[in-house]
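Undergrad: the following comprises the amino acid sequence and a computationally predicted model.
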Amino acid sequence: MSVQEYLNKHMLSRKIEDAVNAAVRAKSPDPVLFISNHMRKAVPSVITKIKARQILDSRGIPTVEVDLFTHKGMFRASVPSGDPSGMYEALELRDGDKGTYLGNSVNRAVKNINERISEALVGMDPILQSQIDQAMIDLDKTEKKGELGANAILAVSIAACKAGAAEKEVPLYKHIADLAGKTNLTLPVPAFTVISGGKHAGNNLAIQDIMILPIGASSFGEALQMGSETYHHLKAVIAEKYGAHGCNVGEDGGLAPNISSIREGLDLVKEAINRTGYNEKIKIAIDVAATDFCKGTKYDLDFKSPNKSGQNFKSGEDMIEMYKELCTDYPIVSIEDPFDKEDWEHTKSVIQICQQVVGDDLLMSNPKRIERAILDSTCNALLLKINQIGTVTEAIEVVKLANDVPWGVVISHRSGETEDSFIADLSVGLASGQIKAGAPCRGERLAKYNQLLHIEEELGDHAIYAGEDYRQCL
């Protein structure tokens, strides 16, 4: 084939001439760069390749990472992982071979991406997020994504979302906002884990997290400063009272002194807040994760203390009385999972006690359970863990369900995290108003908070911090 024939076949002469004319009209100071970018835009927007691999999360447990390629470049995503909460969430696919990573390797999920998912999605437009996600759901054919693995599907879904943003030449959070039909980009109030307990730490504290919410900050940057300063004051308070060994941390960076009572932990946090001088600007949230210590219809707050376990059972009514006292004595504005995931009646009672009652194990980001909780007025906030539902599109849909009530929405990390900062962009794009990403320490947690700093800087004068309106960012 001659040069002229090649030019004619691909209509290159016309395309090059159009690019040159566009550069002239724009009076471009760098015509070569302008023409290159102009030509790139003329290339069809398609996924050209998908490559997956196994990596380790922050706990040293395998998870899935994906590189998705388009003509714009390569877009990488990795998925978090947590302790499975039950039958209502999407299923991670793990190999189960106890001789390799204690049964936790994800080679089957990786293989499903590299072979089946890749074959189905190559050639699709990355901008069409819902079509991409639906193609994977159709390929899986199971209700809980157990065939391909929710970890496989979500990794590709997030990578495609990043590619879609690049194709539109907009920031990721703006692309997410477009997908969700949102116009109000909002920086969320961070719920910083400052004390860890429950299954996330080796102390005797039954509840999972004590968190602080800097709702009185004027910007996200100031909120991050408040969180960091309080965390370090708390570290000093703990060291003074329990010694340096009390400053060990849990899986998501929260300090884990060997305390056993909730009040003991709250007193430490209150003292740390007092030392910062922020006082009224910082509120407290607790994640009880009560399912972990529910025994039948009773709750064992000493379940982590072998010598005491079984001696301090509390009934549902006892727990309600305890929450009343705690909310009176401390500036608690949010309680997550105050009762077992099937204890709907007692959970409903807490709405009269605390401003926000968050459903995590109660809801598991499952649309059917969310709809039931809305109907029964069981709680008034959704904790969204995207790996529990499995695709970006479905995550957007459950947030819409919550917004319609209206409920509060908390975008959440998992105990097993990666350096991927996707949930930071997700929280801004969905204007969730709240994000829970762990302590203001540890790289995989700070990746999310630092990304929010970048977004705030990029938005400039248009940046809005949710602050005291953290529950009304609809």
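TA: Sure, I can see it.

Undergrad: surely residue 357 is in a strand?
TA: Yes. Counting by DSSP: H, G, I helix; E, B strand; the rest coil, residue 357 is found in a strand.

Undergrad: now it. Nearest residue, chain neighbours left out?
TA: The shortest distance from residue 357 to any non-neighbouring residue, by CB to CB, 6 or more residues apart in numbering, is to residue 379 (4.3 Å). (Glycine included, C-beta is placed from N, CA and C.)

Undergrad: my read is the one you found is in a helix, agree?
TA: No. Assessed with three-state DSSP, residue 379 is coil; it does not lie in a helix.

Undergrad: against residue 106, how distant is it?
TA: For residue 379, the distance to residue 106 equals 32 Å [CB to CB, to the nearest Å].

Undergrad: likewise residue 380?
TA: Per CB to CB, residue 380 is found 36 Å from residue 106.

Undergrad: with residue 170 instead?
TA: Separation of residue 170 from residue 106 (CB to CB) stands at 32 Å.

Undergrad: between these two, who's got more neighbours?
TA: residue 106 (29 against 14; other CB atoms under 10 Å).

Undergrad: all helices for the stretch 351-474 of the chain, in order.
TA: 367-376, 386-389, 392-403, 422-429, 443-459 (DSSP state H, counting those that start in this stretch).

Undergrad: out of the ones you listed, which gets nearest to residue 312?
TA: Proximity to residue 312 (CB to CB) singles out helix 367-376 among these, at 29.2 Å.

Undergrad: helices or strands up against that closest one?
TA: helix 344-349, strand 356-359, helix 392-403 (3 or more CB pairs under 8 Å, 6 or more residues apart in numbering; DSSP states H and E).

Undergrad: winner for burial among the ones you listed?
TA: strand 356-359 (a mean of 27; mean count of other CB atoms under 10 Å).

Undergrad: residue 247 against residue 255, yeah?
TA: Yes. Residue 247 lies in contact with residue 255 (CB atoms under 8 Å); the separation is 5.8 Å.

Undergrad: now find how far off-centre stretch 466-474 is within its chain.
TA: Relative to its parent chain, stretch 466-474 has a centroid offset of 18 Å by CA atoms, centre = their mean, to the nearest Å.

Undergrad: and it, average pLDDT?
TA: For stretch 466-474, mean pLDDT is 81.

Undergrad: for the stretch 1-150 of the chain, what spans make up the strands?
TA: Taking DSSP state E, counting those that start in this stretch, the strands of the stretch 1-150 of the chain run over residues 47-56, 62-70, 73-78.

Undergrad: indicate which one of those is closest to residue 117.
TA: The nearest among those, by CB to CB, is strand 47-56 at 6.6 Å.

Undergrad: what does that closest one contact?
TA: Identification of contacts with strand 47-56 by CB atoms under 8 Å, 6 or more residues apart in numbering yields 62-71, 78, 105-107, 109-110, 113-114, 117-118, 121-126, 132, 152, 155-156, 159-160, 163, 418.

Undergrad: now do it, average pLDDT.
TA: Strand 47-56 shows a mean pLDDT of 97 in the predicted model.

Undergrad: strands paired with that strand, and their directions?
TA: strand 62-70 (antiparallel) (DSSP bridges).

Undergrad: that older thread, are any of the contacts of strand 47-56 buried, and which?
TA: Buried members of the contacts of strand 47-56, scored by 16 or more other CB atoms under 10 Å, are 62-66, 68-71, 78, 105-107, 109-110, 113-114, 117-118, 121, 124-126, 132, 152, 155-156, 159-160, 163, 418.

Undergrad: show me the shaky parts of the stretch 1-150 of the chain.
TA: Confidence mapping of the stretch 1-150 of the chain against pLDDT under 70 gives the ranges 7, 10-12, 39, 41-42, 44, 84-86.

Undergrad: where exactly do the helices run in it?
TA: Assignment of helices within the stretch 1-150 of the chain using DSSP H, counting those that start in this stretch yields the ranges 3-9, 12-26, 31-41, 107-112, 118-121, 129-140, 150-168.

Undergrad: what's the first helix or strand after the longest one?
TA: Scanning the chain past helix 150-168 towards its C-terminal end, the next helix or strand to appear is helix 172-180 (assignment: DSSP states H and E).

Undergrad: and that next one, what other elements does it pack with?
TA: Using 3+ CB pairs under 8 Å, 6+ apart: helix 172-180 touches helix 150-168, helix 392-403, helix 422-429.

Undergrad: can I get the CA coordinates of that helix in CSV?
TA: Only the C-alpha atoms of helix 172-180 are listed here, as CSV (Å, rounded to 0.1, in the frame of the first residue of the first chain):
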residue,chain,number,x,y,z
LEU,A,172,-13.3,12.2,39.0
TYR,A,173,-15.6,13.7,41.6
LYS,A,174,-17.3,15.8,38.9
HIS,A,175,-17.8,12.7,36.7
ILE,A,176,-19.4,10.9,39.7
ALA,A,177,-21.7,13.9,40.4
ASP,A,178,-22.8,13.8,36.7
LEU,A,179,-23.5,10.1,37.0
ALA,A,180,-25.6,10.8,40.1
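
Undergrad: that helix to helix 129-140, inter-axis angle?
TA: Interaxial angle, helix 172-180 versus helix 129-140 (axes from the mean of the first three to the mean of the last three CA atoms, to 10 degrees): 80 degrees.

Undergrad: so which bits of helix 172-180 are buried?
TA: 172, 173, 174, 175, 176, 177, 178, 179, 180.

Undergrad: ok, so of those residues, who is nearest residue 263?
TA: residue 173 (39.1 Å).

Undergrad: mind checking how far the closest residue to residue 341 other than its chain neighbours is from residue 336?
TA: Excluding the flanking residues, the one nearest residue 341 by CB to CB, 6+ apart is residue 361, at 4.0 Å. From residue 361 across to residue 336, the span is 9 Å (CB to CB).

Undergrad: ok so, going back, of the helices of the stretch 351-474 of the chain, which is nearest residue 412?
TA: helix 422-429 (7.5 Å).

Undergrad: same for the closest one, what does it pack against?
TA: Against helix 422-429 (3+ CB pairs under 8 Å, 6+ apart) you get helix 150-168, helix 172-180, helix 386-389, strand 408-412, strand 433-438, helix 443-459.

Undergrad: ok, residues contacting the second one?
TA: Applying CB under 8 Å, 6+ apart, the contact partners of helix 172-180 are 129-130, 161-162, 164-165, 168, 170, 182-183, 185, 392-393, 396, 399-400, 422, 424-426, 428-431, 455.

Undergrad: just the CA trace of the helix or strand that that helix is followed by, in CSV.
TA: Proceeding N to C from helix 172-180, the next assigned helix or strand is strand 189-196, under DSSP H and E. Only the C-alpha atoms of strand 189-196 are listed here, as CSV (Å, rounded to 0.1, in the frame of the first residue of the first chain):
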residue,chain,number,x,y,z
VAL,A,189,-17.1,16.2,57.5
PRO,A,190,-14.5,13.5,58.4
ALA,A,191,-15.3,11.0,61.1
PHE,A,192,-11.8,10.4,62.4
THR,A,193,-11.3,7.2,64.4
VAL,A,194,-9.3,8.2,67.5
ILE,A,195,-9.9,5.1,69.7
SER,A,196,-10.2,1.6,68.4
